[in-house]
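Engineer: got a predicted model here, sequence first, then my questions.
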Amino acid sequence: MTGSVSLRGMTWSHPRGYDPLVACSALWKERTGVDVHWDRRSLQDFESMSVQLLASRYDLIVIDHPHVGQITDENCLLPLDRPDRELQRRAAADASVGPSYRSYLWAERLWALPIDAAAQVQAWRPDLVGEPPATWSEVMRLARAGSVMCPLRPPQSLMTFFTLAANLGTPCMVEPTDPLIGRNEGIAAYRLLSDLAAAIDPACLAMDPIAVLEVMARARSRIVCAPLIYGYVSYARDGFRETVVRFADIPSVGDSGPVGSTLGGTGIAVSARTRFPSESVSLAYWLAGEEAQAGPYAAAGGQPANVAAWQDGTVNALTHDFYRCTRRTLDGAWIRPRYNGYMRFQEAASVAINDALRHGRDAADLVDQLNRLFADSFARNGSVN
């Protein structure tokens, strides 16, 4: 292969999302001659920017799974479950941490390969507390003492509601046959969220996970833990910030353990409009495979989705056991709705929750509103799978 092939990729603007792709692409060029240039967009744009628009400009796109219903309807990505890749596809499925691989399956096709595994986990400071709280009651005791933060900027507030509902054993629905959540079950989950929000700094309503972790990583921070926060492995590395933040499984509301965390993470997708489909698909599979994930991807600060990296001793040693200490939470994670129209619901529902938290709205009224927004998002698109 000559060096005439040049691919363009789009990812998100954070060391975890950008640096490992640049490092891996440099090795890929040495091996294949294929050049890859990566652009990046902000975390907020990552949630909202049109994948269809990106597919018109890029060969490779880093996406998150709630978009798969929309991108399927828009026919803007190539399915990756190709006959000539069946062995690699099976390997990717078998090596997926938690439900990461399944989250990119939609309409009986595979639309991306997981390269970054994440869910809401717990962040904590080992120099301030002997061990992370294991129960929600312990979290609330620390919160009332001023030692807890939790990111609640939309859509984080909805993600936390989802996690609490699932951990209570009443996960939210993903199809239109039922309301999002039963009224009593929704009230129970929202009251846990509102009690937490009332006990912590109101500034959390405008903070995303990175903002909270930046506070926690300050040497003089008093924040002991963030009980439900998307893990960022960068903060678990020595020297990244003033102080290392460690990560653990989420605290449990009852006796179910660390289950029900709302899945995050990213996958690598290929544009349906690429001029180099074979080269793009080859790179996507390599990026998601064991060699890259447990090697240059993890070494460059990525947060792999391949189980080989999560079990690797060197990878864990460099991150204060980030992967081993959060694995149960990832394996028990819950997949958000993915229908075409969900992203609109996510935005509106998050705003509704934050409004309720700020103004002390009645829990039942809030749950009723969430159920109306959920039903309306299906009715306006008529898309479900």
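Structural biologist: Great, that's in hand.
Engineer: mind telling me what element the residue nearest to Leu205 when sequence neighbours are not counted is part of?
Structural biologist: Excluding its sequence neighbours, the residue lying closest to Leu205 (C-beta to C-beta, 6 or more residues apart in numbering) is Leu152, at 4.8 Å. No exception for glycine: its C-beta is placed from N, CA and C like everyone else's. Under DSSP states H and E, no helix or strand contains Leu152.
Engineer: likewise for Val351?
Structural biologist: helix 342-359.
Engineer: what packs against that helix?
Structural biologist: Packed against helix 342-359 by the contact rule (3 or more C-beta pairs under 8 Å, 6 or more residues apart in numbering; DSSP states H and E) you find helix 43-48, helix 68-74, helix 156-167, helix 183-199, helix 363-381.
Engineer: helices and strands around the longest one, which ones?
Structural biologist: Right, the one you point to is helix 363-381. Against helix 363-381 (3+ C-beta pairs under 8 Å, 6+ apart) you get helix 183-199, helix 342-359.
Engineer: that older thread, and the residue nearest to Leu205, how many neighbours does it have?
Structural biologist: 29 (other C-beta atoms under 10 Å).
Engineer: how near is it to Gly98?
Structural biologist: 24 Å (C-beta to C-beta, to the nearest Å).
Engineer: try Thr135
Structural biologist: Taking C-beta to C-beta, one finds Thr135 at 22 Å from Gly98.
Engineer: now do Ile71
Structural biologist: Taken as C-beta to C-beta, the span from Ile71 to Gly98 is 22 Å.
Engineer: with Met216 instead?
Structural biologist: As for Met216, its distance to Gly98 is 24 Å (criterion: C-beta to C-beta).
Engineer: using CSV, list the CA coordinates for stretch 170-184.
Structural biologist: Extracted in CSV, the C-alpha atoms of stretch 170-184 (Å, rounded to 0.1, in the frame of the first residue of the first chain):
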residue,chain,number,x,y,z
THR,A,170,-36.7,-0.2,38.4
PRO,A,171,-34.7,0.8,35.3
CYS,A,172,-36.3,3.3,32.9
MET,A,173,-37.9,2.0,29.7
VAL,A,174,-36.3,2.2,26.3
GLU,A,175,-39.3,1.5,24.1
PRO,A,176,-42.7,3.3,23.7
THR,A,177,-44.8,0.4,24.9
ASP,A,178,-44.6,1.8,28.5
PRO,A,179,-44.0,5.1,30.2
LEU,A,180,-40.4,6.0,30.9
ILE,A,181,-40.8,4.9,34.5
GLY,A,182,-43.7,4.2,36.8
ARG,A,183,-44.9,7.1,38.9
ASN,A,184,-44.0,5.7,42.3
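Engineer: so for it, what gets flagged as buried?
Structural biologist: Buried residues in stretch 170-184, counted by 16 or more other C-beta atoms under 10 Å: Thr170, Pro171, Cys172, Val174, Pro176, Pro179, Leu180, Ile181, Gly182.
Engineer: same thing with stretch 255-268?
Structural biologist: Neighbour counts over stretch 255-268 (16+ other C-beta under 10 Å) mark Pro258, Val259, Gly260, Ser261, Thr262, Leu263, Gly264, Gly265, Thr266, Gly267, Ile268 as buried.
Engineer: what does stretch 322-342 give?
Structural biologist: By 16+ other C-beta under 10 Å, the buried positions in stretch 322-342 come out as 322-323, 325-342.
Engineer: span of it from start to end?
Structural biologist: 31 Å (C-alpha to C-alpha, to the nearest Å).
Engineer: what does stretch 217-228 give?
Structural biologist: With C-alpha to C-alpha, one end of stretch 217-228 sits 16 Å from the other.
Engineer: next, the buried residues of that stretch.
Structural biologist: Buried residues in stretch 217-228 (16+ other C-beta under 10 Å): Ala217, Ser221, Ile223, Val224, Cys225, Ala226, Pro227, Leu228.
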